[in-house]
Every structure is written in C-alpha cells, then in structure tokens.
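>>> compute the structure for the input listed below.
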Amino acid sequence: MASSEQIGEHKVADILVVPWAGSEITTGCSVSASIDGGATVAAVVRDDGVAVLTVPDDCASVTITATPGAGTWWPVSATLVRDANGALAGSGITPGEVLLGATQDAATGVGVPTVYMFMSQLRDVTATALAGLQSVPAVRANDLPDPPAAWLSTVWGGLTVPYLPFVGAGHAGGRQLNVGPLDVMPDAEWCVFQVAGVTAPQTIAVSWPWAVPRSDNAAPSPFLVYLHPNVGQNAPAFYTHPDAGEYPFGFDYVYFGLWRYLVYRGDPLTWDPYCKGLPTQIATSGKPAVLVLPGNKVGPEIGSMLDAGFTDALLRDLQGVMFRRAGSYAAPPGLGRTALASFSAGNLLLSQFLSAPANRQHPFWLDTLREVYFFEAPGDVADLVAAARQWQRSGTAGDKRIEVFSQDVKAPYRDLAPPVPGLPSVSTSADGLSTVTYAPVAAWQAALAAVSGVPGRTLGWQDAHQLISALGLADALSRSRF
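This next block holds a predicted model:
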C-alpha cells in the first residue's frame, strides 16, 4: 500500500476504493460517493471486492462512504478535494481509518487513485465520553468533589498522584503491609471506543502504553482486560436513574464505569480508594500491558465479552486500529500474553467466562489467556477456583498464573497455594504459578498509620475492599510473566 497523502498528480474519472477488514479485502459492504455535496453515485464492485467509482474529472470534492452490510462494523467516510494542482487530496482524514494511494493500471501504467478504507467494529468516541463528564447531573452533586471543574480532566489520564503507596511484590508478610512512596506518571495513549453491533459492552476504555510497540516489526501485544463489578447491583439509584443519562454515554456510565477506574483523584490509602488508577498501577509494576476496560450495562453487563471468540476478535480489531493510528498498516503481530482481572462482583463474570463450555474449546481460552487475577471475589469462591484451576491445567502454555487478593481467608484458596501463618500474608504454590495474598482491615489500618502518622481515621471492611483493587494490580503485575 502507498502512504501518500495525495492521490496522483492528474485528473482522473475513476477512483478505486478498497474496503479492508482484518487482514483482507472484504466484500461485505457497499460503496457510494457524494459529488460536490450533491448527487450520490454508487460504485461498481468487482469480483475481488474492490469498488470502482466513476466521478466527473472536474468535480471539486468527492465524499466516499463504505457502508457495511451488517451491523458489525462502523461506516467509514473520506472526503477528497481538488488542490491547487487539480489533484484529489484527503481532507480531514481520520488517522487509521483511511489511507490514500495509487494503483498502477496494468495496461496504461497510469496510477489510478486508490482509497483504502479500514472497516472496524470500533470507532473513537473519546470526545463524546469526555463531554458526558462536563455536565454533572443535580442528582450527583453530593457524590462528587466541589467544584467539579477542579478535577474533571479535559483528557483521559490528566490526573495522577505524586505519592502512591502500594503492596510491593512479596512485601506482605508477618503482620505488616509495607508501603512506599512513588512518583509514577502513566505514559500511554488513552481513548474510548464505541463497539458496533452488540448490546454490551458498547464502550471500551483503552490505555496503550507507549512502551508497547506499534510498528511493522513489533512483537505480539500484551493485553490486560479488567472487569469491574456488575453495575446492576447499584441500580436504580445509579446508572438507570432518569437524571443520570443513558447507556453508554450517560454521566454515571462514564464517570463510575470508566473514568474512576482510569485515574486517581488523590492518594487511595489516605483519601479515596474508589478511584483505581489502573494505568498508573500498570506503570508502577514495570510490566507494560494494554489496558482494556469494558463499559458494563445494567442487565447484560459485559455481554458479548463473555464469549472467548468475541473477546479474541475484539482485541485483534483494537490492535489493528491502534497500529494504524501509529502509522503501521502491515498485518498486526497478533495477541501476546493476555490477562483477565476482576474486582468484587466482576469475579462472577470472570467465573462465567472461565467455566463456559464453548470458551474452553477456543484458542484464546486455551493459550492466549495466560493470567487471571481475583480481587476481593465475593461469597463462596469454590466454583471460581475450580474453573480457574481447570483453565490453568489446559492448553499448551504451561505457565498460566493465578493471583488472588482477599481480606477474608477462604478455604477454597488452599487449593491454589498452601496457607502461611499470620496476617497479612502471601503464599505461593510450589510451581510458583499461583499466589494468594491476604490483607485484612487491621493491616490496612496499620499501613495508614505508618503513612499518614495520624491514626485517627478508622478503616472498615469496605475501605479494605476498595483498597485491594486500588493498589493490588501493581503487585499482581510485578509478579506476572509479562
């Protein structure tokens, strides 16, 4: 493919349009063009899927649209305008969606203007998601800091904390949680995508570390998919409240479902453990991985992502989009080591994913997924542990890891790693592939006193529950094999 921003140096009547999906030309869409903002003409689609548009050679502009025949891709449009030399050039082309070039005609040797249009199930809606944060509904006035303008960022990841305590790798032992100061700034590209053709999730938030290459010769990309608790448990007071907006861009869905998982509003130990700072935790671990955070919906929750085949295809689609945004139009290298992390009731979704019979036959479940992290799994965890153990023993990898973080001692976790005396504690299986960390309220209370020097604030079960996810991911990843 050519990489020119201009199509040819001459006036032509024909334009070739190449609809691209995945790593091949697709015949699953129609192509049309609007000439000078007026009449629409349909392209003639050849047997090889390439569409041929015939346009007046004196037109000032052509807006080309590739429309999918099914709802699994978003339409893609590109506008070409005549420049001062009379050649057609792109105007307002969306990076990663459209590439302009020329194809040499075998008979004449003349370069035929060619527009490559990359079909995807994902489209960038970062600006739309951020706009949803700028208007705080009255019903949320008491739930947010005052004034909102002081902390609502105009870009994802705009807020970090200069001081971050965390449970260091292997540092929980005896009767003390060791915490330490850090100065970490997540260095990543942040964006929110809307997913076509599904009930849920209709949005995913993405943090792609710059340390994960996006070049033609890059290695397979490592991914971390994070499942937060079911949003349905907070309805109808939240998410479905009539004043809080609708899925997927209503205030509650963006703020509680995405934003608070991406940033810290302050020190989670001394102030706000409900913000999770996931990209900061990834940066802290020193193990860069691409964060994918599905936007749950009341009812279906993560919906289609409970299916291994769908999740595999979505991550590959995302990889293609992000590589093209970085200027790499070669076939992406595929998925690297992938982790699934879950917090609280999100572990119920992870258990469903791991135990689904169809998933157990899919290569993603068998070999791509190599790490699972349970943060504060609720209730009886016997089924979750059994499903995780079956997954760990399956496939050909031989290095699948399980990480558990809990404030409550639970008997089924003994099947993963033998318990050690004293709390807090970290126990590891003989093969080093399973780790169980117990961090009860008393341990967090002692850590708070050590950090702040003011032991007056009393922590409870909910504080420890939130802190484990606000700080534990860095610990899990530091032991990972990413």
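>>> from here on, contacts and neighbour counts on C-alpha atoms
Fine.
>>> element containing residue 100?
Assigned by DSSP states H and E, residue 100 falls within strand 98-104.
>>> the residue sitting nearest the centre point of the chain and residue 209, how far apart?
The residue lying closest to the centre of the chain (C-alpha atoms, centre = their mean) is residue 292, at 1.9 Å. The gap separating residue 292 from residue 209 is 12 Å, by C-alpha to C-alpha, to the nearest Å.
>>> follow-up on the earlier one: in the strand holding residue 100, which residues are buried?
By 16 or more other C-alpha atoms under 10 Å, the buried positions in strand 98-104 come out as 98, 99, 100, 101, 102, 103.
>>> picking up where we left off before, which SS state does the residue nearest to the centre of the chain fall under?
For residue 292, the secondary structure call by DSSP: H, G, I helix; E, B strand; the rest coil comes out as strand.
>>> for the strand holding residue 100, give the mean pLDDT please.
Strand 98-104 shows a mean pLDDT of 88.
>>> element containing the nearest residue to residue 415 once chain neighbours are set aside, please.
Once flanking residues are discounted, residue 415 sits nearest to residue 385: 7.9 Å by C-alpha to C-alpha, 6 or more residues apart in numbering. Following DSSP H and E, one finds residue 385 within helix 382-393.
>>> state the next helix or strand along the chain beyond that helix.
Immediately after helix 382-393, counting by DSSP H and E, sits strand 401-406.
>>> check which helices and strands that following strand sits against.
Contacting strand 401-406 under the criterion 3 or more C-alpha pairs under 8 Å, 6 or more residues apart in numbering; DSSP states H and E are the following elements: strand 369-375, helix 382-393, strand 434-438, helix 461-478.
>>> and the angle from the second one to strand 369-375?
In this structure, helix 382-393 runs at an angle of 160 degrees to strand 369-375, with axes from the mean of the first three to the mean of the last three C-alpha atoms, to 10 degrees as the basis.
>>> how about helix 382-393: buried residues?
Of the residues in helix 382-393, 384, 385, 386, 387, 388, 389, 391, 392 count as buried by neighbour count, 16+ other C-alpha under 10 Å.
>>> then the longest one?
Along helix 461-478, these residues count as buried under the neighbour rule (16+ other C-alpha under 10 Å): 463-478.
>>> return the list of strands paired to the strand holding residue 100, each annotated with direction.
Using DSSP bridges, the strands paired with strand 98-104 in its sheet are strand 111-119 (antiparallel).
>>> sheet partners, orientation included, of the helix or strand that the strand it pairs with is followed by?
Next helix or strand after strand 111-119 toward the C-terminus (DSSP H and E): strand 122-124. Strand pairing for strand 122-124, using DSSP bridges, gives strand 188-195 (antiparallel).
>>> which residues in the stretch 251-400 of the chain form helices?
251-254, 260-262, 278-285, 308-325, 346-355, 363, 382-393 (DSSP state H, counting those that start in this stretch).
>>> redo those as CSV? Include mean pLDDT and distance to residue 215.
What follows is those, written out as CSV (pLDDT from 0 to 100; distance: least, C-alpha to C-alpha, whole Å):
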stretch, mean pLDDT, distance to residue 215
helix 251-254, 93, 31
helix 260-262, 91, 26
helix 278-285, 89, 21
helix 308-325, 97, 7
helix 346-355, 98, 32
helix 363, 98, 25
helix 382-393, 98, 32
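>>> now the end-to-end length of stretch 349-363.
With C-alpha to C-alpha as the measure, stretch 349-363 spans 19 Å from end to end.
>>> how far off centre is it?
Stretch 349-363 sits 20 Å away from the centroid of its parent chain (C-alpha atoms, centre = their mean, to the nearest Å).
>>> which residues of the stretch 51-200 of the chain fall in strands?
According to DSSP state E, counting those that start in this stretch, the stretch 51-200 of the chain carries its strands in the segments 51-54, 61-68, 76-82, 88-91, 98-104, 111-119, 122-124, 172-173, 176-177, 188-195.
>>> select from the ones you listed the stretch with the lowest mean pLDDT.
Ranked by mean pLDDT, the strands of the stretch 51-200 of the chain bottom out at strand 172-173, with a mean of 44.
>>> stretch 31-41: which residues count as buried?
31, 32, 33, 34, 35.
>>> give me the phi and psi for the last one.
When quoted as degrees, to the nearest 10, the phi and psi of residue 35 stand at phi -100, psi 120.
>>> contact partners for it?
Residues in contact with residue 35 (C-alpha atoms under 8 Å, 6 or more residues apart in numbering) are 41, 55, 59, 60, 61, 62, 63.
>>> by neighbour count, which of these wins?
Among the contacts of residue 35, the one with the most neighbours (other C-alpha atoms under 10 Å) is residue 62, at 24 neighbours.
>>> quick check: that residue touching residue 87?
No: using C-alpha atoms under 8 Å, residue 62 is not in contact with residue 87; the gap is 11.9 Å.
>>> list the contacts for the residue nearest to residue 415?
By C-alpha under 8 Å, 6+ apart, the contact set of residue 385 is 412, 413, 415, 416.
>>> from residue 419, how far off is it?
Using C-alpha to C-alpha, we find residue 385 at a distance of 15 Å from residue 419.
>>> residue 20 sits in which helix or strand?
Counting by DSSP H and E, residue 20 is found in strand 14-21.
>>> what's the neighbour count on residue 264?
Using other C-alpha under 10 Å, residue 264 has 25 other residues around it.
>>> distance of it relative to residue 406?
Note on residue 264: its distance to residue 406, by C-alpha to C-alpha, is 22 Å.
>>> what about the stretch 351-482 of the chain, any weak spots by pLDDT?
For the stretch 351-482 of the chain, the stretches with pLDDT under 70 are 453-456.
>>> picking that back up, of the buried residues of helix 461-478, just say which sits nearest to residue 446.
Using C-alpha to C-alpha, residue 464 comes nearest to residue 446 of those, at 11.7 Å.
>>> still on that earlier bit, out of the buried residues of stretch 31-41, who's nearest residue 199?
Among the buried residues of stretch 31-41, residue 31 lies closest to residue 199 (C-alpha to C-alpha), at 26.5 Å.
>>> many thanks, we can stop here.
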